[in-house]
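[1] Need the 3D shape of this:
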Amino acid sequence: MDREQLFLHIQQLERNIRMMDEEVQTLKELTVKLVEENVSLELEKENYEQLLNDKETADSPFKENSLKSLYDEGFHVCSIHFGTHRHGDDCLFCQAFFNERQS
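    All right, here's what the predicted structure looks like:
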């Protein structure tokens with residue numbers, strides 16, 4: 001193998017390494033998204049199981065259709081983020097909505 005062939009071979013190896021690095025980065029990003037989604041689904045599952053085990057919920061059959069029930073399950077009921085998962089955090093807009101309805 002002469003010098004020129006050696007340099008061409010090294011350049012090809014460098015291109016292959018760059019391509020593999022890009023693929024690894026893409027896989028890492030996808031893995032992070034999947035782990036985040038998994039954590040979100042686990043939280044949602046825990047909230048749902050807790051809701052099912054909650055005696056108060058079992059005693060009030062009409063609560064299943066209410067916005068409060070949706071909020072208790074971990075979802076936004078405010079007009080800004082309606083239907084998206086709260087990830088366990090309270091939302092001031094949702095709280096204001098409930099306070100407004102009580103008045």
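[2] So in this structure, which helix runs the longest?
    Ranked by residue count and defined by DSSP state H, the top helix of the chain is helix 3-53.
[3] list the helices and strands it packs on?
    In terms of contacts (3 or more Cβ pairs under 8 Å, 6 or more residues apart in numbering; DSSP states H and E), helix 3-53 is packed against helix 67-72. From N, CA and C alone the C-beta is placed, and that goes for glycine too.
[4] need the contact list for residue 43.
    74, 85, 87, 88 (Cβ atoms under 8 Å, 6 or more residues apart in numbering).
[5] Which of the three states applies to the third one?
    Three-state assignment for residue 87 (DSSP: H, G, I helix; E, B strand; the rest coil): coil.
[6] roughly how far apart are it and residue 45?
    As judged by Cβ to Cβ, to the nearest Å, residue 87 and residue 45 stand 13 Å apart.
[7] Likewise for the last one?
    Taking Cβ to Cβ as the criterion, residue 88 is separated from residue 45 by 13 Å.
[8] Kindly report the domain assignment for this protein.
    Here the domain parsing of the chain from automatic domain parsing is 1-53, 61-103.
[9] Of the ones you listed, which stretch is the most buried?
    The highest mean neighbour count among the domains of the chain, using mean count of other Cβ atoms under 10 Å, belongs to domain 61-103: a mean of 13.
[10] next one: it to chain centre, how far?
    18 Å (Cα atoms, centre = their mean, to the nearest Å).
[11] What's the end-to-end length of stretch 82-89?
    Stretch 82-89 has an end-to-end distance of 14 Å (Cα to Cα, to the nearest Å).
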